[in-house]
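Undergrad: sequence first, predicted model second:
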Amino acid sequence: MWELVKAGGWPMVPLLLLGVLALAIVLERLWTLRRNEVLPPGLGEEVRNWAARGKLDPSHIESLRRSSPLGALLAAALDMRGRPRELVRERIEDTGRHIVHRMERFLNALGTIASAGPLLGLLGTVVGMIQMFLGILDHGIGDVNQLAGGIGKALVCTATGMIIAVPALIFHRYLKGRVNGYVIEMEQEATLLLDALEGRGPAAAAPRPAAGQSAASPSRAPATAKG
């Protein structure tokens, strides 16, 4: 392995550094973007119950804001309770943009590594080929086997760049998709909270069967009188 690194020349140094950086970013984002950390189970329903019972004191809201990205989004909605729905949605959207920016932290760097890895590997190969052909110019072709070995060593940089770039690209797309999925679920939870604050949630719809029954009673009364 060390012989291959030496064969690639100086471009192997930045390539290896990019590989280490990509690995660090992937591990950090996988740990940070765990589902239980971003969308704690049952948090949305718990906050809606707070709103239904009127337990919305500032300490609860501040604790909610610090708990998770979903908590920060729901706390932003609770800060604007009692305002028109359009204003509340604007606050949610503004807060959501900041949350998405934090969740996508380092992902641009990971995408850059995925794009730059093959180019840097190709640069190393070109540099190696130039050095090899300059040697041929000075000393002639010499041994053909040695020439083939030199070409193979020059291609080490290209192979290394691909080995770094392919996993970086895969994880970049995967982590972006995970963030987008979280955003959709947080939007749904925020909408349910807005409906609960406006009294249009499931709790508000519960009395409707009783109203239907009272409306049906007068319709049966005339039939009894007729009989």
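TA: Yep, that arrived. Numbers count the residues shown, from 1 in each chain.
Undergrad: could you give me the average pLDDT of stretch 177-184?
TA: Mean pLDDT, taken over the full extent of stretch 177-184, equals 95.
Undergrad: residues in contact with that stretch?
TA: Stretch 177-184 is contacted by residues L33, R35, V38, L39, P69, G96, V100, M103, E104, L107 when judged by Cβ atoms under 8 Å, 6 or more residues apart in numbering. Heads up, the C-betas are built off the backbone N, CA and C, glycines and all.
Undergrad: and the helix or strand where L123 lies, what other elements does it pack with?
TA: For L123, the host element (DSSP states H and E) is helix 107-139. In this structure, helix 107-139 packs against helix 12-32, helix 144-154, helix 156-197, with contacts taken as 3 or more Cβ pairs under 8 Å, 6 or more residues apart in numbering; DSSP states H and E.
Undergrad: with distance to Q131 and mean neighbour count added, can I get those helices in TSV?
TA: Formatted as TSV, the entries for these read as follows, by distance: least, Cβ to Cβ, whole Å; neighbours: other Cβ atoms under 10 Å:
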stretch	distance to Q131	mean neighbour count
helix 12-32	14	16
helix 144-154	8	13
helix 156-197	12	18
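Undergrad: by mean pLDDT, show me the worst of those.
TA: Of all those, helix 144-154 has the smallest average pLDDT, which comes to a mean of 63.
Undergrad: my guess is A76 contacts E90, does it?
TA: No. Using Cβ atoms under 8 Å, A76 is not in contact with E90; the gap is 10.1 Å.
Undergrad: run the chain-centre distance for the helix holding L123.
TA: 32 Å (Cα atoms, centre = their mean, to the nearest Å).
Undergrad: one more: stretch 186-194?
TA: The gap between where stretch 186-194 is centred and where its chain is centred comes out at 19 Å by Cα atoms, centre = their mean.
Undergrad: out of A76 and E90, which sits in the busier spot?
TA: Neighbour count, other Cβ atoms under 10 Å: between A76 and E90, A76 has more, with 22 against 13.
Undergrad: pLDDT at D138, what is it?
TA: Confidence per residue is given as pLDDT, and for D138 that number is 63.
Undergrad: just K226 next, same as before
TA: K226 carries a pLDDT score of 40 in this model.
Undergrad: gap between R85 and L192?
TA: Distance, R85 to L192, using Cβ to Cβ, to the nearest Å: 13 Å.
Undergrad: no further queries at this time; thank you.
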